[in-house]
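Peer 1: Take a look and give me a structure for this.
(2 chains)
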Amino acid sequence: METAWFCLVAVMIAVYVVLDGFDLGAGIVHLFVARTDVERRAVLGSIGPVWDGNEVWLLAGGGTLYFAFPALYASSFSGFYLPLMMVLWLLILRGISIEFRNHIQSLVWQPLWDAVFSGASALLAIFFGAALGNVVRGVPLDRSGEFFLPLWTDFTAGKDAGILDWYTILIAVAALLTLTVHGSLWVALKTDGAVEGHARRFVKGLWWVLLAWVLVITLASFRIQPHLKESFAARPWGYVFPLSAILGLIGIRVLDGRRRGLEAFLCSCLFILGMLTSAAFGIYPYVLPSNTDPTLSLTVLNAAAAPYGLRIGLLWFIPGMFLTAGYFIYTYRNFSGKVKVQEEARNQ
Amino acid sequence: MRPFGPPLRLRRPREGQGLLNPWLFWQYLHNMIGSVVTASFVMASVGAFYLLSKRSEEYGRTFVRLGVSAGMISTFLMAFPTGDGQGKNIAWHQPPTLAAMEGLFKTEDGAPLAIVGQPDLEKRRLDNPITIPRALSFLTYQRWGAEVKGLNQFPPDRLPDNIPLLYYSYHIMVGLGTILIGVMTLASLSLWRGRLYHARPLLWLLMLMLPFPYIATTAGWITAEVGRQPWLIYGIMRTPQGVSPQISAGNALFTLMGFMGIYTILAILFLFLVRREIEEGPEHRIEARATTL
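Peer 2: Predicted structure coming up:
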């Protein structure tokens, strides 16, 4: 039962990254792929109907975490107190920049909010990447399962490391690259003309950087967290996760080259899902490893809620997910196809 | 291990108990209708502004009519049955909170309802009181002579830790709520008799009421949050038990200031944009849309 909930939480977080990832990515490339006001409206229009729904997956993921692994929730939300608060501020800034931008037609007002939108999106990608890096690296848990990390100390990834060290910065940049490519693919899929062209050029250029970066973080992760090697050695079927990530990464290049926008975007989803499930598979049964004393780590067993609650929760979770999936299909079908830039201009 | 005593042992809830939580029904409705009250007053206030300044009068009349009609219904529902239901819940489930809210220091048969007064914790009495005799007993138990438990009935560690704040926020909420009902009743009568659009004093009143529903809802929130102290989960988990022991006060102050900064910016932008919208008038939007179609 605990393992089932581990999988559910991992999948929910992965779905969040895939969904909110493309609108964060669209925000990151917003300033660069769209130059004129009409073009920028097209980019915003492509994520307009879905971005807030996508962000709810973060809340849902957090809620599920609180429900299924309360000890992990308590420990990590106070341990990562500072970065989580900053994530909140960035989410607020990002949301208001989308909403406020079109209230005033001005050469000062709109570029200001476009820059806030882009900057907040990029910083969010970096924060989420650093968070993942911290979970893989481990944190200094004490005997009562608590910890607190400053933002940075000496960047060594040693026992006194803060939230940012060389390893977590590597992962943060990887997240930024991944979501930039992901978002560019989405923008290319949903727009036409100059914006689509710019976005496709972004994907082409960044793909090689991303490939190199993925190789680097894979090697670094195995060095920093020896448990990953044990996991894959003990259950070789787990190689299916990194394999699907590689498949997705290659697929992006091949299919985008052939102008198959939707398939290339789906490959990017597969790549992200593959990377995150690999990480989750690798650290299982830990949910938050300790980097000082492995016996103090939080695992699926010592962090989980009581079996009764988990059982009842699963019963409620399933119909809830059906409702969510139904609504999801409805929304995306309603807003399928490319955004019409002219049409978008009138919805100011 | 934990600085605030042993880990909590939580009782396993009965099947479906979470959904049958007695607070859920009244508190949810009281909250939601509170938003409708605020929206009604904003609508009526903006409409009154247009009528008084003799511009966009067609829209002004629509706004006032809609705001006053919705406001009459929603302000009434705020008091009865939702506010009443919420109050009885507090009497039943959080009796120390009720005593503090009402400023009732001593247990009494036929307890009075305090309209005005300042709680004096040292002398354990209400200064400068204006009260309605026996009304609190009646409102709570529907019997004029019923006993209502006062603050003296409970050990100090079960009392809310800021009794004056709780007393004032509750009285501000209820007092403003009563005034809001009164204003909406006057406006409804005038609207019904077809005089409201030209009744300038009443339009002035409607326009100036704008901030008060915001204050009332905020005071209501403070009442709920201060009222349940010193508990995080009432009767089960105390507030200090929920503290994150590793977060230093310095870090907490940093984020508090960050939030204050962000909310200040948001408030300024909100006022700026709303003022601009009202200044440009409702026609502006509709024309802008028509020309680009």
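
Peer 1: drop to CA atoms for contacts and neighbour counts, all remaining ones
Peer 2: Will do.

Peer 1: Run through the neighbouring helices and strands of the longest helix along chain B.
Peer 2: Longest helix in chain B by number of residues (criterion: DSSP state H): helix B:249-292. On a contact count with 3 or more CA pairs under 8 Å, 6 or more residues apart in numbering or on different chains; DSSP states H and E, helix B:249-292 meets helix A:81-100, helix A:341-346.

Peer 1: Could you say which of those is packed most deeply?
Peer 2: Comparing these by mean neighbour count (mean count of other CA atoms under 10 Å in any protein chain shown), helix A:81-100 ranks first with a mean of 18.

Peer 1: distance between that helix and the chain's centre?
Peer 2: 15 Å (CA atoms, centre = their mean, to the nearest Å).

Peer 1: what pLDDT, on average, does that helix get?
Peer 2: Averaged across helix A:81-100, the pLDDT comes to 92.

Peer 1: so after that helix, what's the next helix or strand?
Peer 2: helix A:109-137 (DSSP states H and E).

Peer 1: anything in that next one near chain B?
Peer 2: No: Helix A:109-137 lies out of reach of chain B by CA under 8 Å from any CA of the partner chain, never closer than 11.8 Å.

Peer 1: For whichever helix or strand comes after that helix, give the mean pLDDT please.
Peer 2: Using DSSP H and E, the helix or strand that directly follows helix A:109-137 along the chain is helix A:166-190. Taken as a whole, helix A:166-190 has a mean pLDDT of 93.

Peer 1: angle of helix A:166-190 against helix A:109-137?
Peer 2: Orientation check (axes from the mean of the first three to the mean of the last three CA atoms, to 10 degrees): helix A:166-190 against helix A:109-137 gives 130 degrees.

Peer 1: about what we covered before: minimum distance to chain B: which of the helices and strands packed on helix B:249-292 has it?
Peer 2: Closest to chain B of these, according to CA to the nearest CA: helix A:341-346, at 5.6 Å.

Peer 1: pLDDT (mean, whole number) over that closest one?
Peer 2: Helix A:341-346 comes out at a mean pLDDT of 50.

Peer 1: quick revisit: need the helices and strands packed on helix B:249-292 in TSV (columns: distance to A:Cys267).
Peer 2: Putting the helices and strands packed on helix B:249-292 into TSV (distance: least, CA to CA, whole Å) gives the following:
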stretch	distance to A:Cys267
helix A:81-100	27
helix A:341-346	26
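
Peer 1: In a markdown table: those helices, plus distance to chain B.
Peer 2: Output for the helices and strands packed on helix B:249-292, formatted as a markdown table (distance: least, CA to the nearest CA, whole Å):
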| stretch | distance to chain B |
| --- | --- |
| helix A:81-100 | 7 |
| helix A:341-346 | 6 |
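
Peer 1: B:Pro211 is nearest to which of those?
Peer 2: helix A:81-100 (23.1 Å; CA to CA).

Peer 1: what angle separates that closest one from helix A:109-137?
Peer 2: Using the same axes, to 10 degrees, helix A:81-100 lies at 150 degrees relative to helix A:109-137.

Peer 1: looking at the sheet around B:Val148, what are its partners?
Peer 2: For B:Val148, the beta-bridge partners are B:Glu108 (DSSP bridges).
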